[in-house]
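In: mind folding the following:
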Amino acid sequence: MTGQNEDFPAAARRCLADGELLLNAGRLANASHLFGLGAECALKRLLQQHPGVAEVPRAHLPELRDHALKTLCRKQGRGIRQLLKQRESMDGWQIDARYWPDAEFSAELCQLHRDHCRRTLIAANLGI
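Out: Below you'll find the model as predicted:
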């Protein structure tokens with residue numbers, strides 16, 4: 001698949017919706033993972049639309065968050081910049097968590113990741 005086929009908005013919405021289903025079923029590890037991926041897809045959509053960005057980085061949180069903060073103009077990305085400047089944004093989420101044991105995931109942290117994912121989609125004008 002090439003970059004031309006990437007549909008970050010659809011992927012972001014899908015990750016959020018599927019994450020919520022998993023959260024409601026008590027599948028915290030995979031729910032948390034999808035919430036992080038959903039937030040990443042929303043950020044990648046913002047970067048994809050930003051003037052002067054030739055290629056969206058193949059990065060994950062928290063590196064993607066730092067890249068977005070540096071790249072998005074203060075004027076055009078004001079809402080998302082405010083969200084990303086909060087260091088607790090997707091706090092504790094990392095791509096390698098998919099390998100962790102189930103006991104490492106709590107309902108509270110998973111719900112926090114869901115809330116941050118939802119806020120990131122809203123800030124990226126992807127609706128929910």
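
In: centroid residue for this protein?
Out: Geometric centre of the chain, nearest residue: Ala39, 1.2 Å, by C-alpha atoms, centre = their mean.

In: which residues does that one contact?
Out: If a contact means C-beta atoms under 8 Å, 6 or more residues apart in numbering, then Ala39 has Ala12, Leu61, Met90, Trp93, His113, His116, Cys117, Thr120, Leu121 as its contacts. Quick note: C-beta positions are derived from backbone N, CA and C, even for glycine.

In: which residues touch the helix or strand of the chain with the lowest mean pLDDT?
Out: Least confident helix or strand, the chain: helix 78-85 with a mean of 74, by mean pLDDT, DSSP states H and E. The contact list for helix 78-85 (C-beta under 8 Å, 6+ apart) reads Leu43, Leu46, Arg65, Ala68, Leu69, Leu72, Arg74, Ser89, Arg119, Thr120, Ala123, Ala124.

In: mind telling me what element the residue nearest to the centre of the chain is part of?
Out: Following DSSP states H and E, the helix or strand that holds Ala39 is helix 28-49.

In: and that helix with helix 78-85, angle?
Out: 140 degrees (axes from the mean of the first three to the mean of the last three C-alpha atoms, to 10 degrees).

In: helix 28-49: which residues count as buried?
Out: Neighbour-count burial for helix 28-49, counted by 16 or more other C-beta atoms under 10 Å, picks out 28-47.

In: same deal with stretch 88-106?
Out: Ser89, Met90, Trp93, Ile95, Phe105.

In: output those as JSON lines; include the columns secondary structure, distance to Asn24 and pLDDT.
Out: JSON lines is the format used below for these (DSSP: H, G, I helix; E, B strand; the rest coil; distance: C-beta to C-beta, whole Å; pLDDT from 0 to 100):
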{"residue": "Ser89", "secondary structure": "coil", "distance to Asn24": "23", "pLDDT": "76"}
{"residue": "Met90", "secondary structure": "coil", "distance to Asn24": "20", "pLDDT": "84"}
{"residue": "Trp93", "secondary structure": "coil", "distance to Asn24": "19", "pLDDT": "92"}
{"residue": "Ile95", "secondary structure": "helix", "distance to Asn24": "24", "pLDDT": "96"}
{"residue": "Phe105", "secondary structure": "coil", "distance to Asn24": "15", "pLDDT": "95"}
